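S.K.: structure here, sequence nowhere to be found:
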């Protein structure tokens, strides 16, 4: 990369498999197809796809795979130039949403209204007990307002959200934000609607546009 090029941005994606009430999780399709889609559309300059993984929709059941992603991300970061950026980018579905939501934070609370895919149904317990109580929050270091503004100007129905729920999405995001802070990288969670609400092509374009926005962050 030349000295005049943008800093390299390496993105590690995760999505989720099916879960209670959602037999087709759009984020599984998006994560599985995004590299091929981007190859046709063209990758933003300076963007590198580090990994793509689809997680089990289960709190503790997703952690082994999630932390393998974390390990890969930090190994890559250790070998990058100081001007580079590594982003853990997590996609989840909100079956009641009409549009997209960029999540600003996660809460240290696991309260699952229904069992996850491995049958776990915690109630008001801290995700990381050593962090304190269930009111503890962690915020992304990425500029959510700027990201949402850029995507809105592209014509997408997208908002900033302060509540990722208390189900597996929030559970994974809290772990990711904590890890990212400890290792000098970034984490972001984005909620997608169902395909019956927003068609697959629009959602793929949104994911590609999000990558474009992330690749341009200073």
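M.R.: Right, received. Where do you want to start? Just so you know, these numbers come straight off a predicted model, no measurement behind them.
S.K.: how much space between residue 28 and residue 174?
M.R.: 21 Å (CB to CB, to the nearest Å). Glycine gets a C-beta too; all of them are placed from N, C-alpha and C.
S.K.: more neighbours: those two, which one.
M.R.: Under the neighbour definition other CB atoms under 10 Å, residue 28 and residue 174 were set side by side, and residue 174 has more, 26 against 19.
S.K.: assess the claim that that one and residue 103 are in contact.
M.R.: No: taking CB atoms under 8 Å as the contact criterion, residue 174 and residue 103 are not neighbours in contact, 10.7 Å apart.
S.K.: now do the helix or strand bottoming out on mean pLDDT in the chain: which elements does it pack against?
M.R.: Least confident helix or strand of the chain, by mean pLDDT, DSSP states H and E, is helix 63-78 with a mean of 86. Taking 3 or more CB pairs under 8 Å, 6 or more residues apart in numbering; DSSP states H and E as contact, the helices and strands that helix 63-78 lies on are strand 9-16, strand 47-55, strand 85-93, helix 168-183.
S.K.: check which element follows the third one along the chain.
M.R.: Per DSSP states H and E, strand 85-93 leads on to strand 100-103 as the next helix or strand towards the C-terminus.
S.K.: show me how far the helix or strand following that following strand is from its chain's centre.
M.R.: Downstream of strand 100-103, the first helix or strand assigned by DSSP H and E is strand 105-107. In this view, strand 105-107 has its centroid 12 Å away from the chain centroid, taken as CA atoms, centre = their mean, to the nearest Å.
S.K.: what does strand 105-107 contact?
M.R.: Contacts of strand 105-107 from elsewhere in the structure, counted by CB atoms under 8 Å, 6 or more residues apart in numbering, are 134-140, 162-164, 166, 170, 173-174, 176-177, 189.
S.K.: bridging residues for the residue most central in space within the chain?
M.R.: A centroid search over the chain (CA atoms, centre = their mean) returns residue 90, at 1.6 Å, as the residue closest to the centre. Residue 90 forms beta bridges with residue 14, residue 189, as assigned by DSSP bridges.
S.K.: for residue 61, give me its contacts.
M.R.: Residues in contact with residue 61, defined by CB under 8 Å, 6+ apart, are 116-118, 120.
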